[in-house]
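**Q** Sequence and predicted structure, then a few things I'm wondering about:
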Amino acid sequence: MPSQPDKSALSDAELVRASQGGDLGAFEELVARHRDKIYARAYSMARNEDEALDLSQEAWVKGWQRLGQFQGEASFATWMTRIVINLCVDHLRKQKRQRAESIEALKEESGGVERLLPATMPNPAEGLERAELRQRIDRALGQLSAEHRTVLVLHEFEGLEYKEIADRLGCSIGTVMSRLFYGRRRMAALLAGWKRENAE
């Protein structure tokens, strides 16, 4: 009986073909290669570790179920990224509907955005500044609304054009441009505020 080839030596395209033929082991190798990227994209949109894990796992299930539709026009990683982005967009829409029901109660809470801002830190050591900046960018992204965050992620991280984002989200190009403008401005304001705090 011939020995099975080492799946880690196969290309994504070869693994996809084997998976389309029903080879679950080949698909597991694809998952092992790309799960970190798919999880990272889910987290960048959902901003919650448990939700990102659920969404990325759901994406892999859908990927397996829809593998027969994969034609290879884009890379497998790009195809899977599109699946998880679509799941995240649907998830955020559902969240928005749920949040709308309790928005009045949230408005009455004291503190608002200020409550979410990090406490003023003493002037950090040189080596920590870069890590702190990354954390601040991450926190600022988390303070944007789901709509503004989603557009920023799709445009800045995925490199999608306005029309592609509009098609994906089911809105106009003007809406995409407006959300992108507002999201960038809000990010800049949050980061500038934290910079001033450290300078004091």
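**A** Yep, it's here. What you see is a predicted model, and the numbers here were worked out from it, not measured in a lab. Numbering: from 1, shown residues only.
**Q** Report the next helix or strand after the worst-scoring helix or strand of the chain on mean pLDDT in sequence order.
**A** Ranking every helix and strand in the chain by mean pLDDT, DSSP states H and E puts helix 113-116 at the bottom, with a mean of 42. Using DSSP states H and E, the helix or strand that follows helix 113-116 in sequence is helix 126-143.
**Q** where's that following helix relative to the chain centroid, distance-wise?
**A** 17 Å (C-alpha atoms, centre = their mean, to the nearest Å).
**Q** Buried residues in that helix, which are they?
**A** By 16 or more other C-beta atoms under 10 Å, the buried positions in helix 126-143 come out as 136, 139-141. In this view, the C-beta of every residue, glycine as well, is placed from N, C-alpha and C.
**Q** Would you mind pulling up the elements that it packs against?
**A** In terms of contacts (3 or more C-beta pairs under 8 Å, 6 or more residues apart in numbering; DSSP states H and E), helix 126-143 is packed against helix 113-116, helix 146-152, helix 173-199.
**Q** quick one: which of the ones you listed is nearest R97?
**A** Closest to R97 of the helices and strands packed on helix 126-143 is helix 146-152 (C-beta to C-beta; 11.1 Å).
**Q** hey, C-alpha coordinates of that closest one in CSV?
**A** Coordinates of each C-alpha in helix 146-152 appear next as CSV, following Å, rounded to 0.1, in the frame of the first residue of the first chain:
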residue,chain,number,x,y,z
ALA,A,146,-20.0,48.4,14.3
GLU,A,147,-20.8,50.2,11.0
HIS,A,148,-17.7,52.5,11.1
ARG,A,149,-15.4,49.7,12.3
THR,A,150,-16.6,47.3,9.6
VAL,A,151,-15.9,49.8,6.8
LEU,A,152,-12.5,50.7,8.3
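**Q** any low-confidence regions in this protein?
**A** Scanning the chain with the threshold set as pLDDT under 70 gives 1-5, 99-130, 195, 197-200.
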